[in-house]
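> what's the 3D shape of this:
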Amino acid sequence: MIKAETELEKRILSDEDLRNGLEWGEPRSGHPEGKVILHVQQILGMIDAQEIKGDKREKLRLLAIIHDSFKERVNRKELSMGGKNHGSLAREFAQKYINDEDLLNMLELHDKPYSIWRTYKREGKFREVAFVHMIDRIKDIQLFLDFVKLDGGVKGKSSEPRDWFEDKLREYNKV
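Sure, this is the predicted structure:
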C-alpha cells in the first residue's frame, strides 16, 4: 500500500481507475517486480532514501504514483497504428487532478528518452527531431531527468539508457 503524504495524493490514490492500474502486472523484462504498485513503491523508497524534500518531493511522488498505472489499458494492436501509450493515458488521468502542464508533459513523455535510446541502439539512428521536440515540451528538465533516473534506477533495469539521456542533455546544454 502507498501512504498518501498530501491531500492531492489521497484523492488520486482513492481513484478506482488508478488503484486498478497499480494492481496490474506480472514479472517481465525491465520489471521483475511484476505489479505496478511494487515498481511505484521502489521509486518512492528511492525518493525517501535520497531525502528529497518540499515541492520537488511532491512532484516526484506524483510522477511515481501515476506514471505506469495505465499500462493495463494500452491496446497493443492500436498502439502500432497511433493508439495511446501508457504515458498518454497517465496524462489523461492526471488532468482530472493536476493543472501543472509541465508535470502532465512529464507523465506523457516519461518513457520517451528510453524509446529514443532504444531506436539509437537498434538502428544506430539518433532521432534528433523527436529528442528536441521532447525536451522543448519540458520546462523543468532537471526534474524530468531526476524522475527518469528514479524510474530507470530500480532493480532489473540497465543504467545505460538513463546515462545516455543525461549525456545527451549535457550535449544540448540542458543540465
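> surely residue 130 and residue 109 touch.
No - using Cβ atoms under 8 Å, residue 130 makes no contact with residue 109, being 10.2 Å away. The way it works is simple: take the backbone N, C-alpha and C, and place the C-beta from them, glycine included.
> who's more crowded, the two?
Neighbours were tallied for residue 130 and for residue 109 using other Cβ atoms under 10 Å; the higher tally belongs to residue 109 (20 against 13).
> please name the nearest non-neighbouring residue to the more buried one.
Using Cβ to Cβ, 6 or more residues apart in numbering and skipping residues adjacent in sequence, the residue nearest residue 109 is residue 134, 5.5 Å away.
> tell me which element that neighbour is part of?
According to DSSP states H and E, residue 134 maps onto helix 128-136.
> now swap in residue 42 and tell me
helix 36-49.
> helices or strands next to that helix in the packing?
On a contact count with 3 or more Cβ pairs under 8 Å, 6 or more residues apart in numbering; DSSP states H and E, helix 36-49 meets helix 16-22, helix 54-66, helix 141-151.
> and these as TSV, adding mean pLDDT, distance to residue 102 and mean neighbour count?
TSV is the format used below for the helices and strands packed on helix 36-49 (pLDDT from 0 to 100; distance: least, Cβ to Cβ, whole Å; neighbours: other Cβ atoms under 10 Å):
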stretch	mean pLDDT	distance to residue 102	mean neighbour count
helix 16-22	96	21	17
helix 54-66	98	9	19
helix 141-151	97	8	20
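> show me what contacts the residue nearest the centre of the chain?
Geometric centre of the chain, nearest residue: residue 110, 3.8 Å, by Cα atoms, centre = their mean. Contact analysis of residue 110 by Cβ atoms under 8 Å, 6 or more residues apart in numbering lists 63, 67, 87, 90, 147-148, 151.
> helices or strands up against the helix or strand where residue 164 lies?
Here residue 164, judged by DSSP H and E, is contained in helix 160-171. Counting contacts by 3+ Cβ pairs under 8 Å, 6+ apart, helix 160-171 is packed against helix 112-123, helix 141-151.
> so which bits of the first one are buried?
In other words, helix 112-123. 112-117, 120 (16 or more other Cβ atoms under 10 Å).
> got phi/psi on the nearest residue to residue 72 once chain neighbours are set aside?
In space, not counting the residues next to it along the chain, residue 72 is nearest to residue 24; the distance is 3.8 Å by Cβ to Cβ, 6+ apart. Per-residue torsions, residue 24: phi -80, psi 150 (degrees, to the nearest 10).
> with that, I have no additional questions.
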